[in-house]
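[1] Return a 3D structure for these sequence lines:
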Amino acid sequence: MSESPSYVSQPQVIDLPKLLADVRAGHIQVPRFQRPFVWEDERRVELLRSLRVGIPIGSLLVWRTSQNRLRCFDGIAGVVIPGPAQGQTVSYLLDGHQRLTTLFAAFASPQLSLSPVAASDSDTPEAIYFDLEQDDFVVGNPTSVWSCLPLYLFLDAVALRQHFRNKEREGHVSPQEIDRLQSIAEGVLYAMQWCRIPVIPLSTDDVELATRTFHRVNSQGVPMTEVHMVAALTWGDSFDLRERFNSAWSSQSLPDRWQPATEQQTLNVLKGLLGMDLARSPGALLVRRIREKPELAERSVDLLVRAMKLAADRLVHTPLAIPYQMQLTLTAIALHEVPDGEPIDEEWLRRWWGLTTVWGSFASSATHRVQAALRHLRAGLLGRREPWPNLLFHSTEPSPLPNLELRNARARYFADGYANQCGHLDLLHSRGNRAVVSLIRGEGTRPGNRFIWEVERAEQLVGYLDDQNLESLRDHFVDVECLEAWARRDYQGFLVAREAIMNRFELTWFDGLHAREFVDGNQRDPLQ
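    This is a model prediction of the structure:
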């Protein structure tokens, strides 16, 4: 790190290529009290769309200090970042981690990712491309479409033009089409090369001032920052909350396909063990209680692991299909009341998860509703069958499956059973929503139009339908009536017939939950 960064003590507006070069050189360090990378795909794409059209994306705030040394992540987006030299003034990122990681991951050249980074430091999101045909940013390019370009090309004019020259030499695309797409690409190139991002330095050796600044700027952000503010405020020589969490998770053996819970979810369980509200806990009181009972940090991890094992055994086939993370969180908290090693009624827990999914009990996490559901769950795990709380919605009659869009909790639970039935659990687990393909154009996410199938093999699915191959389609909710409608090109009839099969499948599952007995708190086992 011999060069100086592009800012020292005064705010500077830096162009995107120079900012990324500063990050790569280690001029900006990301301290471990920052939250890990949590932005979902759509938010990353929206950031890049903003850059393209010139919408400001906000400034980065860095703390420049020569007297303090913080533990930092070894890498950003899977790329190793060199540490600061001894005695050198260091710039620690206080605000902008999600934006900076999004940009660095999006525009990093493949050559930068050759050095391995510890798993906890990788936080490597799936690559974003620019699809020239769609004229938009997209996540992933599973079929390797040539007009779907990696973003590092848009910071390198020579490489971008070489890409189009190579395609022109191949002769498979008309010169007119190449010219059209190259014109779009060069517009994106110009926009990205001229992006400007402000960097604001806080130059001080006062730790308290830096901590207060971090707390203030992050308290205005999304709730996911809470764990990192709490970690900063409880941090000391003998206690590092995030390190406690990380150490506890690293010593656990998790079920197949499962990963450690997020730090926020682990903190939520800790809040529950401390008798605090999960959504709105006064910061000062939470910090004080954590300091009084630091051992509960590890206990939170133990309980989440126990809840995960129960879920893997009885509730879901893949963790991606968990309807609401609140279900897992509350299960972990409620298990605190059950002595370790003492069995619980797993069938009753299965019914609790299933019915809270159908009823959408955690579609909004209103405090009074969450607390009511937690009290009911605690009682049930201890063998007391209480009536379902009146303030929580319930129905003993299921409604038809509304869609098969995996952002919907009920659809995720249904897709879990569907994937298990058709043998595509690995596909669902690895690809998530991209494992569900639509077949008939214009029918969107209607259940009858959605198949768990590899998108690159969609032609095979159409071939099975055209060939009336019932044996290959039976586990995908297709019967003779569906195939007859397809053969007549009666696509509406096909969708209606298939949706009837899917709703019967879900109704059989719902009947097994015995909703009436559950709502009434009936002590009798409905299976006897």
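[2] Residue 255 - how many residues pack around it?
    By other CB atoms under 10 Å, the residues close to residue 255 number 13. (Glycine included, C-beta is placed from N, CA and C.)
[3] Residue 516 now?
    For residue 516, the neighbour count with other CB under 10 Å is 11.
[4] Can you name the element that comes right after the lowest-mean-pLDDT helix or strand in the chain?
    In the chain, no helix or strand scores lower on mean pLDDT, DSSP states H and E than helix 119-122, which sits at a mean of 42. Counting by DSSP states H and E, the next helix or strand C-terminal to helix 119-122 is strand 128-131.
[5] what's next to that next one, contact-wise?
    By CB atoms under 8 Å, 6 or more residues apart in numbering, the surrounding residues in contact with strand 128-131 are 44-45, 48, 105-106, 136-141, 145, 147-151, 154, 185, 188.
[6] Check the secondary structure at residue 486 for me.
    Three-state assignment for residue 486 (DSSP: H, G, I helix; E, B strand; the rest coil): helix.
[7] Now do the contacts for it.
    Per CB under 8 Å, 6+ apart, neighbours of residue 486: 465, 466, 494.
[8] run the last query once more with 6 Å
    By CB atoms under 6 Å, 6 or more residues apart in numbering, residue 486 lies in contact with 465, 494.
[9] Ok, the one 5 residues further on next?
    Taking CB under 6 Å, 6+ apart as the definition of contact, the neighbours of residue 491 are residue 440.
[10] Against residue 502, how distant is it?
    Counting by CB to CB, to the nearest Å, the gap from residue 491 to residue 502 is 16 Å.
[11] What segments of the stretch 401-528 of the chain are strands?
    436-438, 450-452 (DSSP state E, counting those that start in this stretch).
[12] Need the winner for burial among those.
    Comparing the strands of the stretch 401-528 of the chain by mean neighbour count (mean count of other CB atoms under 10 Å), strand 450-452 ranks first with a mean of 23.
[13] Give me the buried positions along stretch 284-291.
    Neighbour-count burial for stretch 284-291, counted by 16 or more other CB atoms under 10 Å, picks out 286, 287, 289, 290.
[14] Please identify which pair of those lies farthest apart.
    287 and 289 (7.5 Å; CB to CB).
[15] So, low pLDDT: which residues of the stretch 251-400 of the chain?
    365 (pLDDT under 70).
[16] Next, count neighbours for the residue lying closest to residue 318 once chain neighbours are set aside.
    Spatial nearest neighbour of residue 318, excluding adjacent residues (CB to CB, 6 or more residues apart in numbering): residue 429 at 4.2 Å. For residue 429, the count of nearby residues is 18 (other CB under 10 Å).
[17] Residue 429 contacts residue 322, correct?
    No - contact between residue 429 and residue 322 fails when scored by CB atoms under 6 Å: they sit 11.8 Å apart.
[18] related to what we said a few turns ago, pull out the buried members of the contacts of strand 128-131.
    Buried among the contacts of strand 128-131 by 16+ other CB under 10 Å: 44-45, 48, 105-106, 137-138, 141, 147-151, 154, 185, 188.
[19] so where is this structure shaky, pLDDT-wise?
    In the chain, residues with pLDDT under 70: 1-10, 110-123, 207-208, 211-212, 215-225, 228, 237, 365, 523-528.
[20] all strands of it, in order?
    Assigned by DSSP state E, the strands in the chain fall at 12-15, 28-29, 60-65, 75-76, 79-80, 90-95, 128-131, 136-139, 148-150, 196-203, 436-438, 450-452.
[21] circling back: quick check: the farthest pair among the buried ones among the contacts of strand 128-131?
    Pairwise over the buried ones among the contacts of strand 128-131, using CB to CB, the maximum falls at 105 and 147, 21.6 Å.
[22] Quick one: residues contacting residue 30.
    72, 73, 93, 97.
[23] For burial, what's the neighbour tally of the last one?
    So that's residue 97. As a burial measure, residue 97 scores 24 neighbours (other CB under 10 Å).
[24] Outside of stretch 397-413 itself, list whatever touches it.
    321, 323, 324, 357, 433, 445, 447, 450, 502, 503, 506, 510.
[25] Stretch 419-438 too?
    Here stretch 419-438 makes contact (CB under 6 Å, 6+ apart) with 257, 317-318, 320, 406, 449-453, 455, 458, 475-476.
[26] which two in these are spaced the farthest apart?
    Comparing every pair within the contacts of stretch 419-438 by CB to CB identifies 257 and 449 as the most remote, at 27.4 Å.
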